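**Student:** I need the structure of the sequence given here:
(one chain, ligands or ions: 1)
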Amino acid sequence: MNEPADPIEAVTHPDPYPYYASLAVRWPIYRDERLGMWVAASAAAVTDVLTSDACRVRPSAEPVPHALVGSAAGEVFRRLVRMNEGAEHRSMKPAVASTVGAMTAGRVGDAAREWARVICDELRSASDEQRIDAVASSVPTFTVAALLGVPRDELPEVARWTGDLARCFAPGAAAEQVERGAAAAEGLLDLFRRLPTIGGEGATRIAHGSDAVVANAIGLLTQAYDATAGLIGSTLLALARHPDVRRNVAADASLLRVVVEEVVRHDPPIQNTRRFVSRDATVAGQHLREGDAVLVVLAAANHDAGANPCPERFDLSRAHRRTFTFGAGVHACPGEMLAKNIAHAVVDALLASGVDPAGLRGAVTYQPSASARVPRFSAGSEARSSTYRQNEVRG
Ligand code: HEM
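**Tutor:** Next comes the predicted model:
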């Protein structure tokens, strides 16, 4: 198998991990002239870039992507905690983190399990692969939206809008995706402005009225969308590829949580993020110039042998697992526990509904993306960029 040409191609490559491991050791941080970016790959370089105050989440000259300016999608984008720095970021992050924190494991697990069951029932006559794709692409959004207070009958439309907006926010979105995303943002803004409170039953209720609160509630949906679908799919793939892990989970269901933890490290759903240098600075031992872009390869840091010995091993008993998948520094993901709880509940519900990972022998493909690794199992699902025939390996 050819190794990926670069860390962007690696995102949807059948097995990018030997390549990532070698980057982390041999090229901890380097300039990729073809991509026109620096690439940070080792655990130390990834940490340095993510915690440097010279490295920002958006280019200074383009706080909102040009294609989104003037649209409802641009209005949402420019207020997102994910896309802001300094005072703007500090003013919203605690509210965002407390809204997410109020989604406790019990409530999240109940909601995700219920939605997975409903969709599996509706698709009784479909294949396992079709059920997995349908559940992975909708249950994370249904769960987060329901916990934010979106009425039940509006959830399917919210999930469609969220998909359109997430694709419009992705780097390199096509004109047609931007157009659909703008329409989706209008629908979501209208719906969230009509909600009496954001946070729903029993959560820390945030009385809103501010556009920033509404935008960041919508941002929770887009942040959860692909990443959590990827975690669900890759957890099922791990069970498919490792028969011993499958047997152990069948004997002791509590191990499924550890499987999710190791998938987060070993086959992460978000493989990279980006930073933009706001002033000349030395970061990770390299002199970076104002305006430079850095691709921060979180998945390579997970496979840095200095951080995780024998990184290629899928090892449930790994001591001191170090994971970079949820970022680091001020922009670190506030949704880590939420995502793991959703993935655990959904995979558990799929197994309970009769989905057999051992039977997932077909061609697995990855949804086209420059940063998210989202397996698609059924032939009818979205366009694909690579094909993988599974091999069973010992875990
Ligand atoms: C497996 C699932 C997920 C993964 C791998 C993931 C990963 C990440 C990463 C890497 C970042 C930092 C990006 C950067 O610094 O450039 C981030 C930020 C963020 N994530 Fe997640 N995420 C996941 C699920 C979620 C969920 C379920 C939520 C909430 C519903 C969420 C909400 C956020 C928010 C609000 C930010 C921005 C934080 C800030 O900029 O301060 N994420 N996520």
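**Student:** can we go C-alpha only for contacts and neighbour counts from here?
**Tutor:** Fine.
**Student:** tell me where the stretch 151-300 of the chain has strands.
**Tutor:** Shown for the stretch 151-300 of the chain, the strands assigned by DSSP state E, counting those that start in this stretch span residues 273-277, 281-283, 286-288, 293-296.
**Student:** those: which one's closest to Ala217?
**Tutor:** Of all these, it is strand 273-277 that lies closest to Ala217, at 21.1 Å by C-alpha to C-alpha.
**Student:** and that closest one, how far out from the chain's middle?
**Tutor:** 17 Å (C-alpha atoms, centre = their mean, to the nearest Å).
**Student:** most tightly surrounded among the strands of the stretch 151-300 of the chain?
**Tutor:** Ranked by mean neighbour count, the strands of the stretch 151-300 of the chain are led by strand 293-296 with a mean of 25 (mean count of other C-alpha atoms under 10 Å).
**Student:** redo the strands of the stretch 151-300 of the chain as TSV? Include mean pLDDT and distance to Ile29.
**Tutor:** As requested, these are exported to TSV (pLDDT from 0 to 100; distance: least, C-alpha to C-alpha, whole Å):
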stretch	mean pLDDT	distance to Ile29
strand 273-277	98	13
strand 281-283	98	10
strand 286-288	98	8
strand 293-296	98	9
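**Student:** as TSV, those strands with distance to the ligand would be great.
**Tutor:** Below are those laid out as TSV (distance: least, C-alpha to the nearest ligand atom, whole Å):
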stretch	distance to the ligand
strand 273-277	5
strand 281-283	16
strand 286-288	18
strand 293-296	8
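**Student:** now this structure, which segments are flagged as low pLDDT?
**Tutor:** 200-209, 361-362, 380-395 (pLDDT under 70).
**Student:** could you pull out the helices for it?
**Tutor:** Here the chain has its helices, by DSSP state H, at 17-26, 43-51, 72-79, 86-101, 105-122, 128-148, 155-169, 175-194, 211-241, 243-251, 255-266, 298-302, 336-352.
**Student:** please identify the most buried of these.
**Tutor:** By mean count of other C-alpha under 10 Å, those have helix 298-302 as the most buried, with a mean of 32.
**Student:** just the closest residue of the stretch 1-150 of the chain to the ligand, please.
**Tutor:** Arg82 (3.2 Å; C-alpha to the nearest ligand atom).
**Student:** just give the closest residue to that residue, not the sequence neighbours.
**Tutor:** Of all residues not flanking Arg82 in the chain, His331 sits nearest, at 6.7 Å (C-alpha to C-alpha, 6 or more residues apart in numbering).
**Student:** residue contacts, Glu3?
**Tutor:** Listed by C-alpha atoms under 8 Å, 6 or more residues apart in numbering, the contact set of Glu3 reads Pro16, Tyr19.
**Student:** now what about stretch 164-176, what contacts it?
**Tutor:** Residues contacting stretch 164-176 (C-alpha under 8 Å, 6+ apart): 73, 77, 177-182, 184-185, 222-223, 225-226, 370.
**Student:** which of those lies closest to Asp356?
**Tutor:** For the contacts of stretch 164-176, the nearest to Asp356 is Asp226 (22.9 Å; C-alpha to C-alpha).
**Student:** for the ligand, what are the nearby residues on the stretch 1-150 of the chain?
**Tutor:** Val81, Arg82, Lys93 (C-alpha under 6 Å from any ligand atom).
**Student:** switch the strands of the stretch 151-300 of the chain over to a markdown table; also include distance to Leu50.
**Tutor:** Formatted as a markdown table, those follow (distance: least, C-alpha to C-alpha, whole Å):
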| stretch | distance to Leu50 |
| --- | --- |
| strand 273-277 | 8 |
| strand 281-283 | 10 |
| strand 286-288 | 14 |
| strand 293-296 | 8 |
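**Student:** for Val144, which of the ones you listed is the nearest?
**Tutor:** Proximity to Val144 (C-alpha to C-alpha) singles out strand 273-277 among the strands of the stretch 151-300 of the chain, at 22.6 Å.
**Student:** many thanks, we can stop here.
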